[in-house]
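> What shape does this take:
(2 chains)
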Amino acid sequence: MKIIRCIFRKEFLHFFTSPATYVILAVFLGISGFFFHNIASYFALQCSQAADYQLVYNVPLPPMSVNLWIIRPFFSSLVTLVIFLIPIITMHNYAAERSKGTAELLLTSPITTSQIVWAKFLSSLVIYSILVAATISFHIITACYSSAGIDWAPVFTGYIGLFMLGMATIPIGQFISSMTSNQVIAAFLSFAFLLFLWIVDWSALFAEGMVSDIIGYIGIARHFENFARGIIDISDIVYFISIGTIGMFLTHQSVESWRWRGTT
Amino acid sequence: MKAVVVDRLKKFFGHFAALNGITFSAARGEILGLLGPNGAGKTTTMRILTTFLPPSGGQAQVAGFDVVKQSMEVRKRIGYMQENPTLYEDMRVGKFLRFMGELKRISSKKLSKRLEFVRDAAKIEDVWEKYITQLSKGYRQRVSLALAILADPPVLILDEPTIGLDPKQIRYIRELIKSMGGNHTVIVSTHILPEAEMLCDRLAIINKGKIIALGTAKELSSKIRKVNAVRVELSGQPDEVEKELLQLDGVIGVIQQERNEVFLIEFETKFNTLEQISKIAAKRNWVILELSPIEASLEEVFLELVADETTKSLADTETIEE
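Down below sits the predicted model:
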């Protein structure tokens, strides 16, 4: 545990002492802010149109739920951003160790491959969680300006979903990073794979029976949507943990293979 | 018990044999030099000993532990200095060494003392708070050496430890390594021959993945010499001396040096020529003022052995081609 803590601290500090981190944070918050602004503006427009409709036709106002119109779409937008964010966080994890030759320092130290893999996973997960947690500010703004307030339960489950999403996808990004010494290739391949997981269930519409079910189950979107709706389904949790476990196992095997395959 | 045992070690990269069955050992407290031209297999041998690379064949043990089956135990007992140190560039020197000390499982109490020791021993106090990326090559070498000795391991593996250092630093680092012999087993690779001669108790000359000679510098010197040479200074008529000496058994040549009374005598090793010189000098009433054997320098030994091996390889290739 001490070794994991030690590598975790080094990785964590490395990320937050790098100027690039603050650029990533600013861009991430800037784009998510842009999404939030657009979603909130659209909601305001809908409210205004509904009010006009009521005045002209004297019909009751349709229910305008903040959770339905702002929070849920905002979570969907965040997931799109996360697909870009995860490769940026994980690309250097192993690729940099290989390209800079520091893998030799790690592999000749009395530490196990599991300790390296767990420490790097946990540090990336914490970094990711901090970046994602920064978007809670948008929900606070929504709560402040919404006369009816917001239902915090789906917000809470939505963040649990984002955390689970990170837990599942970070090991994928790290596995790809461990396969190459080029950080750009690592980021690009991770992004491509995560995008595939995001859109794969679209093709479930064109399949039938069990194939459709399997394709639908593989896709990340369906599993995340439940969390955004305030539903915690054990099958979704099992899905995210399974993907993460497979990613961790593959990363472990890949780093272990450095010893016999070489790191360059 | 031997601290390092390498037995018929092989390493292939694809079809290329980087190591072709090398065998050597190092006793506890011994400084063993791995000497060889570039690409001879020195770094590959060291990387196998540090468990960074697995061997393709043969066995290697460090401190009694197998480098493949008990690699964790081996890693606990080695200090490794890379040829081109790869360090975490974005860390400060002190923080980096503390981090590596924690990875080496040094207890917090002991680590502070060890950090102080290596800071003084490697003379890196000036750059302790600097980022590694700002360091010169010399300082990076010293940080890497500090890292190797940080955990006070019984076996030190140092790959070209003085490369890139200025003469003052080289002298200091050599003295530091020398001082570690006795308490630590040191495997040091170099292609600087005077350094190898000065530092090492024994030398293993590697060429093309094979050990071509192993022993002390003196043993290696005598091994390659089929002809010995002595420098003799004696009083006598130069022409007469030359003529008489040439008649002795085993004498191949007598070369008169710049001063008339100094001769360089080459003779076959199997004859006891020195005794014969003494006898004839006594008989002719020559006074021997000086008689000193001329030994082959390590450079000569190295060049001769490596050249022999290259000639053999070429001959083998030609035979195969025929």
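
> what sits against the nearest residue to A:Thr80 once chain neighbours are set aside?
What sits nearest to A:Thr80 in space, not counting adjacent residues and going by CB to CB, 6 or more residues apart in numbering or on different chains, is A:Trp198, at 7.7 Å. The C-beta positions use only the backbone N, C-alpha and C, and glycine is treated the same way. Contact analysis of A:Trp198 by CB atoms under 8 Å, 6 or more residues apart in numbering or on different chains lists A:79-80, A:83, A:219-221.

> Can you tell me which of these is nearest chain B?
Of all those, chain B sits closest to A:Ile83, with 27.4 Å by CB to the nearest CB.

> May I see the buried residues of the helix or strand hosting the closest one?
Here A:Ile83 is covered by helix A:72-100, with elements defined by DSSP states H and E. By 16 or more other CB atoms under 10 Å in any protein chain shown, the buried positions in helix A:72-100 come out as A:72-75, A:77-79, A:81-100.

> For residue 108, give me phi and psi.
Unless you meant another one, I'm taking chain A. phi -100, psi 10 (degrees, to the nearest 10).

> Could you restrict the buried residues of helix A:72-100 to the ones contacting chain B?
The overlap between the buried residues of helix A:72-100 and the neighbours of chain B (CB under 8 Å from any CB of the partner chain) comes to A:Lys100.

> returning to what we had before: is chain B contacted by whichever helix or strand comes after the helix holding A:Ile83?
Next helix or strand after helix A:72-100 toward the C-terminus (DSSP H and E): helix A:103-107. Yes. Remark: helix A:103-107 sits within contact range of chain B at A:104-107, by CB under 8 Å from any CB.

> so who does the residue nearest to B:Gly41 when sequence neighbours are not counted touch?
Excluding the flanking residues, the one nearest B:Gly41 by CB to CB, 6+ apart is B:Gly209, at 4.3 Å. The contact partners of B:Gly209, by CB under 8 Å, 6+ apart, come to B:11, B:17-22, B:40-41, B:44.

> Drop anything exposed from these.
Counted by 16+ other CB under 10 Å, those give B:11, B:17-20, B:22, B:40-41, B:44 as buried.

> for these, which one is nearest B:Pro167?
B:Ala40 (25.4 Å; CB to CB).

> quick one: the closest one and B:Ile211 touch, right?
No. Using CB atoms under 8 Å, B:Ala40 is not in contact with B:Ile211, being 9.9 Å away.

> Can you find the helix or strand of the chain with the lowest average pLDDT?
Using chain A here. helix A:66 (a mean of 77; mean pLDDT, DSSP states H and E).

> think we crossed wires, I meant chain B
Min over SSEs of chain B, mean pLDDT, DSSP H and E: helix B:298-321 (a mean of 61).

> Now do the contacts for A:Phe36.
A:Phe36 sits in contact with A:70, A:74, A:77, A:135, A:138, A:141, where contact means CB under 8 Å, 6+ apart.

> sorry, back to before: separation between the residue nearest to A:Thr80 and B:Glu233?
According to CB to CB, to the nearest Å, A:Trp198 stands 91 Å off from B:Glu233.

> who in chain A is up against chain B?
A:2-3, A:6-7, A:10, A:14, A:17-18, A:100-102, A:104-112, A:259-260, A:262.

> Show me which residues of stretch A:104-118 are buried.
Neighbour counts using 16+ other CB under 10 Å place A:104-111, A:113, A:115-118 of stretch A:104-118 among the buried residues.

> Which one of the residues you listed is nearest to B:Arg77?
Among the buried residues of stretch A:104-118, and counting by CB to CB, the member closest to B:Arg77 is A:Pro110, at 8.7 Å.

> Just read off the phi/psi values of the residue of the stretch 51-200 of chain B found nearest chain A.
Per CB to the nearest CB, B:Thr86 is where the stretch 51-200 of chain B lies closest to chain A, at 3.3 Å. Backbone torsions for B:Thr86, taken as degrees, to the nearest 10, come to phi -110, psi 110.

> how far away is A:Asp239 from chain B?
Let me fix one detail, which is that residue A:239 is Tyr and not Asp. As judged by CB to the nearest CB, to the nearest Å, A:Tyr239 and chain B stand 35 Å apart.

> That residue touches A:Ala221, doesn't it?
No. Using CB under 8 Å, A:Tyr239 makes no contact with A:Ala221, being 11.5 Å away.

> more crowded one of those two?
The residue with more neighbours, out of A:Tyr239 and A:Ala221, is A:Tyr239; 20 against 15, by other CB atoms under 10 Å in any protein chain shown.

> Could you give the average pLDDT over stretch B:157-173?
Averaging pLDDT along stretch B:157-173 yields 85.

> Could I get the buried residue list for the strand or helix carrying A:Ser177?
In this structure, A:Ser177 sits in helix A:152-179 according to DSSP H and E. Neighbour counts over helix A:152-179 (16+ other CB under 10 Å) mark A:154-155, A:157-159, A:161-179 as buried.

> ditto for stretch A:114-133
Here stretch A:114-133 shows A:115-125, A:127-128, A:131-132 as buried, counting by 16+ other CB under 10 Å.

> what ranges do the strands span in chain B?
B:2-13, B:16-27, B:31-35, B:57-62, B:65-66, B:78-81, B:155-159, B:185-190, B:202-207, B:210-215, B:227-234, B:251-256, B:262-268, B:288-294 (DSSP state E).

> CSV for those strands, including distance to A:Ser48?
Converted to CSV, these look like this (distance: least, CB to CB, whole Å):
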stretch, distance to A:Ser48
strand B:2-13, 71
strand B:16-27, 75
strand B:31-35, 81
strand B:57-62, 77
strand B:65-66, 76
strand B:78-81, 70
strand B:155-159, 73
strand B:185-190, 78
strand B:202-207, 83
strand B:210-215, 86
strand B:227-234, 107
strand B:251-256, 112
strand B:262-268, 110
strand B:288-294, 105
